[in-house]
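*Asks:* build the 3D model from these lines:
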Amino acid sequence: MKLKMGSKRYTFVIIPDANSAVRRFEVPKLIPYIAGAGLMTLMAVTLVMYASHAKNATVANELEKRIVSKDAEFSSTVQEKNQTIEQLQSEVIRLSQQTAEMKQKIDAIRQQEDEVRSLTGSGQVSISSADAPPASAAMGGSSTPATDAEVLTLAEQTKSQLSDMDKSVDELKDSIADTKEKALEAQEKLKVTPNIWPVDSRTITSGFGLRQDPFTSRPSFHSGYDIASPANSPVHVTADGVVASTGSDDSHGNNIIVTHSKGLQTWYMHLNKINVQKGEHVQKGQVIGLVGSTGRSTGYHLHYEVLKNGVSSDPKPYLP
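*Replies:* Down below sits the predicted model:
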């Protein structure tokens, strides 16, 4: 009769040493197979766990690298942001300084416009107060970082100043246009108003009013200025106008009368030469003749006379 598989056994003999008793162990024949299968299973589980651990370690290492990269990227972004904020704050400060400088320039233009208006007699415009410009570029003091609130306040103030400046520029534009118109009117008025010396000389040998006549030594009325000047010195017309007459006689010698605006006329006598003709338009400063000693004259000079509505006037108010 055959024995079943499960009834077969293995005998293990353990001999400790020569003086000890021999020990025997019997185990069923399946035990070694079961142990081998368990060992293989344990090895498989160990391999699986090792592979899983290696994979987890790889993933963890990759995550760590990503975290380090993101952290570096975040730090760089924060640093760039801080630098950008500092740059913007510096730009706000520079813009504020430029705004103040521009305000000073606008006020300087208004100052000049006031001077032009005063010259043309068209009044003055109001000038807003401006901070005095720095005497030099020298600076100093302790370094205290500005707070965000201070920079924000400065930005709001600059925005307000720029808004006010925008209005001021519009007002200044209109005002300058008006001043230009007034200046052109004044310029045209100056062109037709005698207000320059007819010759380069400033030597007045006989003034306006009563004098002792150089020929009779009697008291007489002198209707203009006698201005001593070298022979053939250029004689300039003192304002824009039209030559009313040219001629020569024993008293006035070679002479020219020029008509200007508002009833004014100028008269140039004792000329050596006449360079213009009756009806000719002349411009202020134009040479109309040469100094001489023709007519009733004791020497080379120009008799310059100003007539208002046909009446001789003192030339003094018409000479600078």
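*Asks:* off-centre distance for stretch 101-108?
*Replies:* Mean C-alpha position of stretch 101-108 versus that of the full chain (Cα atoms, centre = their mean, to the nearest Å) differs by 9 Å.
*Asks:* list the buried ones in that stretch?
*Replies:* Going by neighbour count (16 or more other Cβ atoms under 10 Å), the buried part of stretch 101-108 is 103, 106-107. For the C-beta atoms, the positions are set from N, CA and C on the backbone; glycine is no exception.
*Asks:* and stretch 294-304, by the same measure?
*Replies:* For stretch 294-304, by 16+ other Cβ under 10 Å, it's 294-297, 300-304.
*Asks:* distance to Ser206 added to those residues, as a markdown table?
*Replies:* Shown next, in a markdown table, are the buried residues of stretch 294-304 (distance: Cβ to Cβ, whole Å):
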| residue | distance to Ser206 |
| --- | --- |
| Thr294 | 17 |
| Gly295 | 14 |
| Arg296 | 12 |
| Ser297 | 11 |
| Tyr300 | 14 |
| His301 | 8 |
| Leu302 | 11 |
| His303 | 9 |
| Tyr304 | 11 |
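*Asks:* nearest to Gln98, out of those residues: which one, please.
*Replies:* Lowest distance from Gln98 to the buried residues of stretch 294-304 (Cβ to Cβ) belongs to Tyr304, with 55.0 Å.
*Asks:* elements contacting the helix or strand harbouring that closest one?
*Replies:* Here Tyr304 sits within strand 301-308, counting by DSSP states H and E. Applying 3 or more Cβ pairs under 8 Å, 6 or more residues apart in numbering; DSSP states H and E, we find strand 301-308 packed against strand 225-228, strand 264-274, strand 311-313.
*Asks:* tell me the contacts of the residue most central in space within the chain?
*Replies:* Nearest residue to the geometric centre of the chain (Cα atoms, centre = their mean): Met102, 5.9 Å. Met102 is in contact with Met165, counting by Cβ atoms under 8 Å, 6 or more residues apart in numbering.
*Asks:* wait, a helix at it?
*Replies:* Yes. Secondary structure assignment places Met102 in a helix (DSSP: H, G, I helix; E, B strand; the rest coil).
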